[in-house]
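**Q** Next comes the sequence, and after it the predicted model I'd like to discuss.
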Amino acid sequence: MTANKDLRPAGALTPYVSPAGAWALALGTSIGWGSLVVTSNTYLIQAGPLGSVLGMVAGMVIMLIIARNYHYMVECYPSAGGVYTYTKEIFGPGRGFLSSWFLFLTYAAMLWANATSLPLFARYFFGDMFRFGYMYTLFGYEVYLGEALLTIAAILVIALLCIHSKRITMTIMVVMAVVLSVGIILCFLGAAAGLGGTGFTMEPMLLPERSALNQVVLIACISPWAFIGFENISHASEEFTFSRTRTFRVLVAAVVTATVLYILVILLSVTAYPPEYSSWLDYIRDLGNLSGIKGLPPLLRRPILPG
């Protein structure tokens, strides 16, 4: 009689999430299109390079405290479900249902931004290639059928990939997270190396019209937005291939990596500005009137300083 090799209970999820996969999942849901856009039009414009960096570090500390709590809950309730499971087990199904709806609203608030980021970057890199089939204008933003189809196609490809093989999806996720991290680091190092003898300065390090403390606290208060989604590995705790006692280390690695990447993009955004501007601050404040690569400070290749 053949022994049954699968001793897992009926309905149990198959473990497939490695430590690297959990790190990539937490990191990938923390840093995205906002690292290239929001760091300029929200962080720098309100706190300057120094205020933004200090605010991000303060936000990182807050997220590490939250991560420690998630680690504790994952060990207490190792089944899948994350916040819903924890709330349901402690406070009952009614409050569990309510908390899951709040979490859903949080993710839904980010979903539209990430879904529309592909057409947004298509405009920056490919111009009007997908701007055909005009449909309507919403809050001054023109919506085209071509860009909608591009978004739908990307979502379908990713969905089919996830359905076909979770392990392949996880491998791709790890590779992309590593490429993103290494790419940002190399871009920053390249930009820093090219600043020698250019007379470059990050001044003003802080905005002159506000107090330093006000600027740092402002960024610290909004910086948790940058980490929304990092806790989603708690939903997959039942699928870990590693001990759940390592969850906190994985979360720390993801939060610290995301913070470093955000800081590098923030600093990268002030290493170059077009010659018609007298400082990075004048350039950042005029981003709403710019288009193309010129409207994305982190993507300017080299310092373009007056004179």
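**A** Looks like it arrived, so ask away. Residues are numbered from 1 along each chain as shown.

**Q** Could you measure from residue 139 over to residue 50?
**A** Relative to residue 50, residue 139 is positioned 33 Å away (Cβ to Cβ, to the nearest Å). Heads up, the C-betas are built off the backbone N, CA and C, glycines and all.

**Q** Compare the two (neighbour count), which wins?
**A** Using other Cβ atoms under 10 Å, the more surrounded residue of residue 139 and residue 50 is residue 50, with 17 against 4.

**Q** Excluding sequence neighbours, find me the nearest residue to that one.
**A** The spatially closest residue to residue 50, leaving aside those adjacent along the chain, is residue 205, at 4.0 Å (Cβ to Cβ, 6 or more residues apart in numbering).

**Q** list the contacts for that neighbour?
**A** Under the criterion of Cβ atoms under 8 Å, 6 or more residues apart in numbering, the neighbours of residue 205 are 48, 49, 50, 51.

**Q** Widest-spaced pair of those?
**A** Distance extremes for the contacts of residue 205: the farthest pair is 49 and 51 at 7.5 Å, using Cβ to Cβ.

**Q** okay, these two: which has more neighbours?
**A** For residue 49 versus residue 51, the count of surrounding residues by other Cβ under 10 Å is larger for residue 51: 27 against 22.

**Q** Which strands and helices lie in contact with the host helix or strand of the more buried one?
**A** Under DSSP states H and E, the secondary-structure element containing residue 51 is helix 45-76. Judged by 3 or more Cβ pairs under 8 Å, 6 or more residues apart in numbering; DSSP states H and E, helix 45-76 is in contact with helix 212-222, helix 247-268, helix 280-285.

**Q** now for the last one, which elements pack on it?
**A** Secondary-structure packing of helix 280-285 (3+ Cβ pairs under 8 Å, 6+ apart): helix 45-76.

**Q** Swap in 7 Å and give it another go.
**A** Secondary structure elements in contact with helix 280-285, counted by 3 or more Cβ pairs under 7 Å, 6 or more residues apart in numbering; DSSP states H and E, are absent; no helix or strand qualifies.

**Q** ok, residue 74 - contacts?
**A** Remark: with contacts taken as Cβ atoms under 7 Å, 6 or more residues apart in numbering, residue 74 is in contact with 234, 237, 244, 247.

**Q** so residue 128, which of the three states?
**A** Judged by DSSP: H, G, I helix; E, B strand; the rest coil, the three-state class of residue 128 is coil.

**Q** Next, find the distance separating it from residue 249.
**A** For residue 128, the distance to residue 249 equals 47 Å [Cβ to Cβ].

**Q** These two: who's more crowded?
**A** In this view residue 128 and residue 249 are compared by other Cβ under 10 Å, and residue 249 has more residues nearby, 15 against 10.

**Q** what pLDDT does that one get?
**A** The pLDDT attached to residue 249 in the predicted structure is 94.
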